[in-house]
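Peer 1: sequence-free structure coming up:
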Ligand code: HEC
Ligand code: HEC
């Protein structure tokens, strides 16, 4: 159980970044006294308006009354209490979770304080969304796969959503066939606009010429190759989450990124 909890904490904090959408923010970052009681950001797509829900163990307003199966279905299949969740919940990226890691995440969530908080608004959903898991990360990994360095790197890149954010998009969906890691997705935030970079092994358009240390610094500190601060959401994720990625996982992630076929 204890091992489960620390693994769950690692997955949630370093990789899956659940707080990013499910924990309110104050002036100094996440408001951890209301952890998992619902996110500050509203996600708007063509067919939905949704906010990260209360996933604290409160029975009435959170997910305390949900079974493990129901929680699993939300996390890896994007199924909520009344059908498909809006695709802002990145279940496609979490499909790869091993059974043990999925259980560890649920155990960690259940061990947090219950926070009573009603949603600010009910989600609106009028669509049916096709799942878009990354190639090779369409189904739960088994433990054996994680001892293969490149597969482990893909596992991390899926769960940390590197591939979902950094692939080219067609019709609001990642184009993994033609644009895996090629960048181009646009993020419009209060802080301004950012365009996801090309993280393929292309020598000039991508990160092919970057050293391992330069890549690690970008991922864990949010700093560009030249040393300038990267923009959110990358800088925020780097500092609040990816900074906690273990050295072994970081090495595996970088080995995997080096295998991404160069794209312009
Ligand atoms: C990029 C933002 C984002 C991240 C990261 C994220 N979620 Fe979500 N999640 C959402 C949104 C938005 C919804 C609500 C979708 C809707 O109402 O259709 C949601 C819904 C859920 C639900 C369903 C709750 C309910 O009341 O219906 C669960 C459970 C959940 N998320 C768990 C998690 C866990 C666990 C993680 C980390 C492993 C996580 N989420 C990471 C955005 C996110
Ligand atoms: C929520 C979307 C999102 C996620 C998740 C994300 N990134 Fe990024 N990333 C971006 C954006 C946007 C930029 C561009 C920032 C800028 O222009 O300053 C960026 C920049 C970068 C850069 C700098 C590239 C350059 O040319 O300067 C690297 C390297 C990078 N990301 C790697 C990763 C890796 C590896 C992961 C997974 C561990 C990841 N990112 C997860 C959105 C994301």
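Peer 2: Thanks, I have it. Source: prediction; values computed, not measured. Ligands and ions are numbered 1, 2, ... in the order given.
Peer 1: Now do the contacts for the nearest residue to residue 239 once chain neighbours are set aside.
Peer 2: Excluding its sequence neighbours, the residue lying closest to residue 239 (C-beta to C-beta, 6 or more residues apart in numbering) is residue 222, at 5.7 Å. (Each C-beta comes from the backbone N, C-alpha and C, glycine too.) Residues in contact with residue 222, defined by C-beta atoms under 8 Å, 6 or more residues apart in numbering, are 229, 230, 234, 235, 236, 237, 238, 239.
Peer 1: Verify the stated contact: the first one with residue 235.
Peer 2: Yes - under the criterion of C-beta atoms under 8 Å, residue 229 makes contact with residue 235 at 6.0 Å.
Peer 1: Between those two, point out the one with more neighbours.
Peer 2: residue 235 (18 against 13; other C-beta atoms under 10 Å).
Peer 1: you'd agree the more buried one is in a helix?
Peer 2: Yes - assessed with DSSP: H, G, I helix; E, B strand; the rest coil, residue 235 lies in a helix.
Peer 1: where's residue 102 relative to ligand 2, distance?
Peer 2: Separation of residue 102 from ligand 2 (C-beta to the nearest ligand atom, to the nearest Å) stands at 19 Å.
Peer 1: oh, I was asking about residue 198
Peer 2: Residue 198 is 7 Å from ligand 2, by C-beta to the nearest ligand atom.
Peer 1: So residue 102 lies in a helix, does it not?
Peer 2: Yes - per three-state DSSP, residue 102 lies within a helix segment.
Peer 1: Contacts only, for it.
Peer 2: Taking C-beta under 8 Å, 6+ apart as the test, what residue 102 contacts is 72, 75, 76, 94, 140.
Peer 1: do that again at 10 Å, thanks
Peer 2: 8, 11, 68, 71, 72, 75, 76, 94, 95, 96, 140 (C-beta atoms under 10 Å, 6 or more residues apart in numbering).
Peer 1: The fifth one reaches residue 107, doesn't it?
Peer 2: Just to be clear, that refers to residue 72. No - using C-beta atoms under 10 Å, residue 72 makes no contact with residue 107, being 12.0 Å away.
Peer 1: In terms of pLDDT, where does residue 148 sit?
Peer 2: If you check residue 148, the pLDDT there is 98.
Peer 1: Now do it: how many residues are near it, please.
Peer 2: There are 13 residues near residue 148, going by other C-beta under 10 Å.
Peer 1: Need the buried ones from the contacts of residue 222 selected in PyMOL.
Peer 2: To isolate the buried members of the contacts of residue 222 in PyMOL, using 16 or more other C-beta atoms under 10 Å:
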select buried, resi 230+234+235+236+237+238+239
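Peer 1: Quick one: the contacts of residue 222 as TSV, columns for distance to residue 38 and pLDDT too.
Peer 2: As requested, the contacts of residue 222 are arranged in TSV below (distance: C-beta to C-beta, whole Å; pLDDT from 0 to 100):
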residue	distance to residue 38	pLDDT
229	29	97
230	27	97
234	24	97
235	23	97
236	18	95
237	19	98
238	24	98
239	22	97
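Peer 1: Save the contacts of residue 222 as JSON lines, and put in distance to residue 197 too.
Peer 2: Shown next, in JSON lines, are the contacts of residue 222 (distance: C-beta to C-beta, whole Å):
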{"residue": "229", "distance to residue 197": "14"}
{"residue": "230", "distance to residue 197": "9"}
{"residue": "234", "distance to residue 197": "8"}
{"residue": "235", "distance to residue 197": "12"}
{"residue": "236", "distance to residue 197": "15"}
{"residue": "237", "distance to residue 197": "13"}
{"residue": "238", "distance to residue 197": "13"}
{"residue": "239", "distance to residue 197": "17"}
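Peer 1: Any chance of a markdown table for the contacts of residue 222, columns distance to ligand 1?
Peer 2: Output for these, formatted as a markdown table (distance: C-beta to the nearest ligand atom, whole Å):
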| residue | distance to ligand 1 |
| --- | --- |
| 229 | 22 |
| 230 | 18 |
| 234 | 13 |
| 235 | 16 |
| 236 | 12 |
| 237 | 9 |
| 238 | 15 |
| 239 | 16 |
